[in-house]
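**Student:** my questions are about this predicted structure, shown below with the sequence.
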Amino acid sequence: MLERLSDKWVTLVLTGLASGPRRYSDLSRRIAGVSQKMLTQTLRGLERDGLVRRTVTPSVPVRVDYELTPLGESLMPLVAAIKGWAEANIQTVEAARKTYDAA
């Protein structure tokens, strides 16, 4: 589970679904740099783990929505805390990397 949650695409997909259900194309637009293959693999993995629910609505064309399950929603405070920490400390981390690489 830790390996799944530490994946950058997982964090971005969970964050993309935090505000409510999204269609695949909407998620793809919201997550910069994600390939179709990677988004599909990530969503399937999250669905398998019970963090995301996939709902297919029969129509023309077929509509597919993704949303967080209650289990996925319970994870969001932790994801938000990690995201906040990363944003607050990115400059310090980059400075440490620069110092390390110079040595």
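**Tutor:** Great, that's in hand. Residues are numbered from 1 along each chain as shown.
**Student:** now Gly84: how far from Pro77?
**Tutor:** In this view, Gly84 and Pro77 are 10 Å apart by Cβ to Cβ, to the nearest Å. Just so you know, the C-beta spots here come from the backbone N, C-alpha and C atoms, and that holds for glycine as well.
**Student:** all strands for this structure, in order.
**Tutor:** Using DSSP state E, the strands of the chain run over 22-23, 52-57, 63-68.
**Student:** which of those sits closest to Ser6?
**Tutor:** Taking Cβ to Cβ, strand 52-57 is the member of these nearest to Ser6, at 16.9 Å.
**Student:** now the angle from the closest one to strand 63-68?
**Tutor:** 160 degrees (axes from the mean of the first three to the mean of the last three Cα atoms, to 10 degrees).
**Student:** ok, strand 52-57: who's next to it in the sheet?
**Tutor:** strand 63-68 (antiparallel) (DSSP bridges).
**Student:** regarding this structure, what is its longest helix?
**Tutor:** Taking DSSP state H as the criterion, the chain has its longest helix at helix 70-102.
**Student:** so what secondary structure elements neighbour that one?
**Tutor:** helix 8-17 (3 or more Cβ pairs under 8 Å, 6 or more residues apart in numbering; DSSP states H and E).
**Student:** return the helix or strand in this structure with minimum mean pLDDT.
**Tutor:** None of the helices or strands of the chain scores lower by mean pLDDT, DSSP states H and E than helix 2-5, at a mean of 85.
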